[in-house]
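A.B. asks: no letters, just coordinates:
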């Protein structure tokens with residue numbers, strides 16, 4: 001009987017250990033080339049922002065932004081690399097009165113730790129000015145409290161800390177999905193210098209060099225997400241406030257590259273791809289979002305191909321209709337959206353659509369009209385185009 005009871009107890013302990021390992025490993029941040037010293041269990045909470053550590057609108061005060069939405073989140077302090085060109089360190093204090101420049105705590109005691117944001121403490125500066133928000137952080141391992149202050153228009157905490165919820169959100173949104181490369185960032189920096197602005201593009205995982213010859217429309221699969229502090233790049237320059245989260249992509253021929261989730265100013269990429277589809281007699285503009293400012297996903301590519309095929313078919317049918325209506329010469333011009341001296345008003349409408357406005361003049365020599373479009377003026381004498389002028 002005792003043997004059976006012992007066997008049951010051992011099985012129970014094994015199940016508990018397996019469950020602990022599964023839960024613990026799920027939320028760990030994959031730190032690239034930075035060894036994590038934390039053994040704490042990350043706190044997972046719903047995080048609904050597409051940014052890392054940034055201010056957001058505070059509903060309690062009109063036109064006011066704060067960090068209050070971060071209270072309850074767990075953040076990880078990523079140890080800066082002190083061997084590179086730019087070194088920045090976040091200072092920690094034992095009290096929230098850091099506006100008076102109290103003595104900071106030893107930095108090493110605060111690195112590579114998971115901290116829970118338990119409060120945002122507001123203090124007035126003794127020199128006047130607006131209130132300052134101070135982060136109250138609690139060590140998830142031992143409950144120790146420290147305080148630190150975000151500085152700058154883009155908070156410097158954005159480049160030192162990773163919100164665990166943001167990490168998990170990027171992982172869910174990208175890992176395992178395939179994307180099509182569409183855009184290369186170029187800022188006119190000398191080719192011999194991989195300046196920090198160029199890190200907005202894809203970067204070779206092994207050489208850390210910016211990929212400046214990646215073929216447009218090449219297919220990339222996101223295979224992992226990690227944290228890699230921008231300070232670990234040689235010659236990274238000052239003023240780079242991006243979040244250290246990177247997404248790792250693979251291409252069958254080109255190998256492994258990675259991309260940051262924010263630009264060098266710490267903002268999410270906002271670029272879009274411009275598309276134009278036929279809409280009745282004119283054209284409709286559609287802006288499709290580019291993931292990380294440089295990719296479209298494969299479902300989006302399927303949608304684009306479908307719309308492009310519809311566009312080709314539309315213009316083919318339009319050409320047939322216009323030739324049947326106006327003859328081969330005029331019909332071809334109208335279908336291609338061209339204007340030419342001698343066209344009628346209806347030809348102009350079929351080619352360019354309705355004008356923004358029409359100005360009419362009557363003289364003893366006949367009726368004259370000026371049709372105003374966004375880029376040109378079209379003049380009619382007795383019902384036919386007599387002149388075309390740029391605006």
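C.D. replies: It's in. Worth saying up front: this structure is predicted, and the values here are computed from it rather than measured.

A.B. asks: packing partners for whichever helix in the chain runs longest?
C.D. replies: In the chain, with assignment by DSSP state H, the single longest helix is helix 298-326. If contacts are counted by 3 or more CB pairs under 8 Å, 6 or more residues apart in numbering; DSSP states H and E, helix 298-326 sits against strand 178-181, strand 272-279, strand 282-289, helix 328-335, helix 345-352. Using the backbone N, CA and C atoms, a C-beta is placed for each residue, glycine as well.

A.B. asks: looking at the ones you listed, which is closest to residue 119?
C.D. replies: Closest to residue 119 of the helices and strands packed on helix 298-326, according to CB to CB: strand 282-289, at 35.2 Å.

A.B. asks: could I get the average pLDDT for that closest one?
C.D. replies: In this model, strand 282-289 has an average pLDDT of 75.

A.B. asks: check the residue most central in space within the chain and give its pLDDT.
C.D. replies: The residue lying closest to the centre of the chain (CA atoms, centre = their mean) is residue 269, at 2.9 Å. At residue 269, the model reports a pLDDT of 85.

A.B. asks: could you pull up the contacting residues of it?
C.D. replies: By CB atoms under 8 Å, 6 or more residues apart in numbering, the residues touching residue 269 are 200, 262-263, 290, 292-294.

A.B. asks: go again using 10 Å as the cut-off
C.D. replies: Listed by CB atoms under 10 Å, 6 or more residues apart in numbering, the contact partners of residue 269 are 183, 185, 200, 259-263, 289-295.

A.B. asks: the closest residue in space to it that isn't next to it in sequence: what's it in contact with?
C.D. replies: In space, and not counting its chain neighbours, residue 269 is closest to residue 293: 3.0 Å by CB to CB, 6 or more residues apart in numbering. Taking CB under 10 Å, 6+ apart, we find residue 293 in contact with 182-183, 185, 200-201, 259, 262-263, 268-272.

A.B. asks: three-state assignment of residue 293?
C.D. replies: coil (DSSP: H, G, I helix; E, B strand; the rest coil).

A.B. asks: measure it to residue 267 for me?
C.D. replies: From residue 293 across to residue 267, the span is 10 Å (CB to CB, to the nearest Å).

A.B. asks: quick revisit: which members of the contacts of residue 293 are the farthest-apart pair?
C.D. replies: Farthest pair in the contacts of residue 293 (CB to CB) is 182 and 262. Separation: 18.4 Å.

A.B. asks: could I get the helices and strands packed on helix 298-326 as CSV with distance to residue 115?
C.D. replies: Output for these, formatted as CSV (distance: least, CB to CB, whole Å):
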stretch, distance to residue 115
strand 178-181, 33
strand 272-279, 36
strand 282-289, 32
helix 328-335, 64
helix 345-352, 61
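
A.B. asks: got CSV for these, with mean neighbour count and distance to residue 155 too?
C.D. replies: Shown next, in CSV, are those (neighbours: other CB atoms under 10 Å; distance: least, CB to CB, whole Å):
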stretch, mean neighbour count, distance to residue 155
strand 178-181, 20, 29
strand 272-279, 13, 27
strand 282-289, 12, 25
helix 328-335, 17, 55
helix 345-352, 18, 50
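
A.B. asks: among those, which is nearest residue 306?
C.D. replies: Using CB to CB, the helices and strands packed on helix 298-326 put strand 272-279 closest to residue 306, at 10.3 Å.

A.B. asks: ok now that closest one, how far from the chain's centre?
C.D. replies: The chain centroid and the centroid of strand 272-279 are separated by 20 Å under CA atoms, centre = their mean, to the nearest Å.

A.B. asks: the inter-axis angle of the host helix or strand of residue 387 versus helix 345-352?
C.D. replies: Element membership for residue 387, per DSSP states H and E: strand 384-390. Direction vectors for strand 384-390 and helix 345-352, defined by axes from the mean of the first three to the mean of the last three CA atoms, to 10 degrees, enclose an angle of 40 degrees.

A.B. asks: tell me which residues of strand 384-390 come out buried.
C.D. replies: 385, 388 (16 or more other CB atoms under 10 Å).

A.B. asks: average model confidence for that strand?
C.D. replies: For strand 384-390, mean pLDDT is 93.

A.B. asks: let me see the contact set for residue 245.
C.D. replies: Neighbouring residues of residue 245 by CB under 10 Å, 6+ apart: 29-30, 52, 78, 162-163, 166-167, 169-171, 225-228, 259-262.

A.B. asks: how much space separates residue 170 from residue 309?
C.D. replies: Distance, residue 170 to residue 309, using CB to CB: 33 Å.

A.B. asks: how about residue 165, phi and psi?
C.D. replies: phi -60, psi -40 (degrees, to the nearest 10).

A.B. asks: and it, what's its pLDDT?
C.D. replies: Residue 165 is assigned 91 on the pLDDT scale.

A.B. asks: what is the neighbour count of the closest residue to it other than its chain neighbours?
C.D. replies: Setting aside the residues directly before and after it, residue 165 is nearest to residue 47 in space (CB to CB, 6+ apart), at 2.5 Å. By the criterion of other CB atoms under 10 Å, residue 47 has 20 neighbours.

A.B. asks: which SS class is residue 47?
C.D. replies: Per three-state DSSP, residue 47 ends up coil.

A.B. asks: what's near enough to touch it?
C.D. replies: Contacts for residue 47 (CB under 10 Å, 6+ apart) come out as 69-70, 72-74, 163-169.

A.B. asks: picking up where we left off before, elements contacting the strand holding residue 387?
C.D. replies: helix 345-352, strand 366-372, strand 376-381 (3 or more CB pairs under 10 Å, 6 or more residues apart in numbering; DSSP states H and E).

A.B. asks: where does the stretch 101-250 of the chain dip in pLDDT?
C.D. replies: Across the stretch 101-250 of the chain, the ranges flagged by pLDDT under 70 are 101, 124-130, 186-198, 230-239.

A.B. asks: and if we set it to 50?
C.D. replies: 188-194, 234-237 (pLDDT under 50).

A.B. asks: ranges for the helices of it?
C.D. replies: Secondary structure of the stretch 101-250 of the chain, counting by DSSP state H, counting those that start in this stretch: helices at 157-160, 164-174.

A.B. asks: hang on, the earlier thing: between residue 182 and residue 262, which has more neighbouring residues?
C.D. replies: Taking neighbours as other CB under 10 Å, residue 182 and residue 262 compare with residue 262 leading, 25 against 19.
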